[in-house]
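Chemist: I would like to see how this sequence folds:
(one chain, ligands or ions: 2)
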Amino acid sequence: MEQEGPLFILGVFFVLGIVALTVVAVLQNKPLPENLKYGIVLDAGSSHTSVYIYRWPAEKENDTGVVQQVEECKVEGNGISSYHEKPVEAGLSLQACMNKARDIIPVSKHKETPVYLGATAGMRLLRLTNSRVADEVLASVENTLRSSPFDFQGARIITGQEEGAYGWITINYLLGNFIHSSPWFNIMPNSKEGTSGALDLGGASTQITFVSDENIESQDNSLRFRLYGKSYNVYTHSFLCYGKDQALRLQLANTMTGQNITLLDPCFNSGYMRNVSTADLYSSPCVSGLRILTAPQTIQIQGTGNYQLCKNKVQTIFNVSHCSYSRCSFNGIFQPGLQGEFGAFSAFYFVMDFLKLTKEKVSLDSVKDTVERHCSKPWAEVKRESGRIKEKYLSEYCFSGVYILSLLDLYGFNSSSWEDITFLGKIHGSDAGWTLGYMLNLTNMIPAELPPSPPLSHGGYVGLMVFFSVFLLFILLTCWLTFRKPKCLQKGII
Ligand SMILES: O=P(O)(O)OP(=O)(O)OP(=O)(O)OC[C@H]1O[C@@H](n2cnc3c(O)ncnc32)[C@H](O)[C@@H]1O
Ligand SMILES: [Ca+2]
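Modeler: Ligands and ions are numbered 1, 2, ... in the order given. Take a look at the predicted model:
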């Protein structure tokens, strides 16, 4: 009895010790309040500019799938290359969206938030037409971005190769395709091995990018990446002038005649009419070589809505007669055989979404039927059904549908490989496009090797601590209750 008093006190201290240990472990390892970082990328496309704002937790910077798009602000008006006659206004056009970015990003983060502007095919074409004016437009947008409170990192025209590569990185990052070989990463697990190819259809250029096991016969189309501990051999090509707006110009210019003021066009719905200024049509370097000097100043397009005739007309813009490699897509450009799944975005998505062909896998034949049916609808009916859509877009869905089918056919998609294409607008809330990949690369957020990762997550660590503490407590209590006198303590079991 004399010995029980001190032993009881010892036992109480022991229990208190374990409880204190658990509390300290839990508190000490409580995750710090999330430190968020922001980044801004301006996609200065040929048809329009969008300002994307991204956010991610600073501690997880090198993990994959953690960067999220928090906003897309569409700049009013057309793309920056359309300001070629008044370059100063190109910069002003960005102001409203940059003000919105100011409101969204906390003031304390402004100074450390990088801003990048990448211009694509519209500016590539303007540089070809007049490089001095292209520089003036870039200087103007640079001025606006420099005067923003953010950390301006540069405004430049990205190459077609970069555009393809970053689009591919974006979709595979968002789909979680870079991580499934690692046992430690388990965010957005992807059941399918491998990466997804990227198909981007813009207004002035189009890109195809995918991993290939074949020899890439032309160096310009070959990219090698090492990402998250894996090497990738990637094929990419950007076709300048084969975005959907420039392709439409090519198609029109191909059928222009010397005198006719009216142009019957099977790629527009019957009853549709549009006036086109020939000066404007020929202003693009994509078609300037096709200029007919005797063409009238203005022509009137009159739609006749015929799928088959439209297809024949669209095919005239592709040259498939020469190829100096083992195989080509068109215009003498090397392309290896298609491999794996593909994500198709931008206008591929806009057009297929309008035709209600994105929700589930639809066979190639059904897609052709749908486009054919759409082309044969009178314009009045098209307008009645979808009157709220911008007339420019609405009037061009027949042409765009036929163009997409022709382009994908030349890439090598047939009835069976068509099933490998998914038309993507957003992936987990972020737009599919080159901008995210561009930012990930410039902020060094995609490591070549897998970052070292602790074997246990914070939750797992705390859980184990609690489990073992409770286990010890349980043993002690069992001893106490079994022997009444805590003999186990006396015998030095614990
Ligand atoms: O990549 P580049 O060639 O520079 O062009 P862009 O970046 O401006 O091109 P987008 O992907 O924004 O758009 C591709 C095309 O789709 C058109 N477009 C945009 N939204 C659309 C919609 O809802 N329906 C149909 N077409 C759309 C747009 O006018 C372009 O012709
Ligand atoms: Ca684009």
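
Chemist: didn't Pro87 look like it was pressed against Leu126?
Modeler: No - contact criterion Cβ atoms under 8 Å: Pro87 and Leu126 do not qualify, at 10.0 Å. Every residue, glycine included, has its C-beta placed from N, CA and C.

Chemist: Mutual contacts of the two, please.
Modeler: 133, 137 (Cβ atoms under 8 Å, 6 or more residues apart in numbering).

Chemist: Around ligand 2, which positions in this structure sit nearby?
Modeler: Proximity of the chain to ligand 2 (Cβ under 5 Å from the ion) is limited to residues 45, 202.

Chemist: any idea how far Ala96 is from whichever residue of the chain sits closest to ligand 2?
Modeler: The minimum distance from the chain to ligand 2, using Cβ to the ion, falls at Gly202 (3.6 Å). Applying Cβ to Cβ, to the nearest Å, one obtains 23 Å for the distance of Gly202 from Ala96.

Chemist: neighbour count winner among the two?
Modeler: Taking other Cβ atoms under 10 Å, Gly202 and Ala96 do not tie; Gly202 has more neighbours (28 against 13).

Chemist: what's next to stretch 171-179, contact-wise?
Modeler: The contact list for stretch 171-179 (Cβ under 8 Å, 6+ apart) reads 64-65, 67, 185, 187-190, 194-196, 198, 227-228, 230, 343, 345, 424, 427-428, 430, 432, 436-437, 440, 446.

Chemist: List only buried entries from the residues you listed.
Modeler: The neighbour-count test (16 or more other Cβ atoms under 10 Å) marks 64-65, 67, 185, 195-196, 198, 227-228, 343, 345, 424, 427, 430, 432, 436-437, 440, 446 as buried among the contacts of stretch 171-179.

Chemist: Show me those that map onto strands.
Modeler: Among those, the members falling in strands (DSSP state E) are 196, 198, 227, 343, 345, 427, 430.

Chemist: And the residues you listed, which is closest to Ile404?
Modeler: Phe345 (12.1 Å; Cβ to Cβ).

Chemist: wait, what's in contact with the closest one?
Modeler: Contacts of Phe345 (Cβ under 8 Å, 6+ apart): 167, 171, 198-201, 423-425, 431-433.

Chemist: Give me the buried subset of the residues you listed.
Modeler: For the contacts of Phe345, buried by 16+ other Cβ under 10 Å: 167, 171, 198-201, 423-424, 431-433.

Chemist: Tabulate these (CSV), appending distance to Lys313 and pLDDT.
Modeler: Output for these, formatted as CSV (distance: Cβ to Cβ, whole Å; pLDDT from 0 to 100):
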residue, distance to Lys313, pLDDT
Gly167, 29, 98
Ile171, 32, 98
Ala198, 28, 98
Leu199, 23, 99
Asp200, 24, 99
Leu201, 19, 98
Phe423, 24, 98
Leu424, 29, 97
Asp431, 32, 98
Ala432, 30, 98
Gly433, 30, 98
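
Chemist: mind putting those in CSV, distance to ligand 1 included?
Modeler: Putting the buried ones among the contacts of Phe345 into CSV (distance: Cβ to the nearest ligand atom, whole Å) gives the following:
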residue, distance to ligand 1
Gly167, 10
Ile171, 14
Ala198, 13
Leu199, 12
Asp200, 7
Leu201, 6
Phe423, 13
Leu424, 12
Asp431, 10
Ala432, 10
Gly433, 7
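
Chemist: Please produce CSV containing those, extended by distance to Ala44.
Modeler: Listed next are those as CSV, based on distance: Cβ to Cβ, whole Å:
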residue, distance to Ala44
Gly167, 15
Ile171, 21
Ala198, 20
Leu199, 21
Asp200, 15
Leu201, 17
Phe423, 24
Leu424, 22
Asp431, 15
Ala432, 18
Gly433, 12
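
Chemist: which of these lies closest to Tyr38?
Modeler: Scanning the buried ones among the contacts of Phe345 for proximity to Tyr38, where the rule is Cβ to Cβ, the winner is Asp431, at 16.5 Å.

Chemist: Thought Gly425 was touching the closest one, still the case?
Modeler: Yes - the pair Asp431 / Gly425 is scored as a contact, 7.2 Å apart, by Cβ under 8 Å.

Chemist: and Glu162, backbone torsions?
Modeler: In terms of degrees, to the nearest 10, the main-chain angles of Glu162 are phi -60, psi -40.

Chemist: And it, how close does it get to Gly118?
Modeler: Distance from Glu162 to Gly118, by Cβ to Cβ: 8 Å.

Chemist: quick one: common contacting residues for these two?
Modeler: Common neighbours of Glu162 and Gly118 (Cβ under 8 Å, 6+ apart) are 434, 438.

Chemist: What pLDDT does the model give the closest residue to ligand 1 within the stretch 351-494 of the chain?
Modeler: Per Cβ to the nearest ligand atom, Tyr393 is where the stretch 351-494 of the chain lies closest to ligand 1, at 3.7 Å. Looking at Tyr393, its pLDDT is 98.

Chemist: In this structure, where is pLDDT below threshold?
Modeler: 1-15, 17-33, 180-192, 451, 453-462, 465, 468, 479-480, 483-494 (pLDDT under 70).
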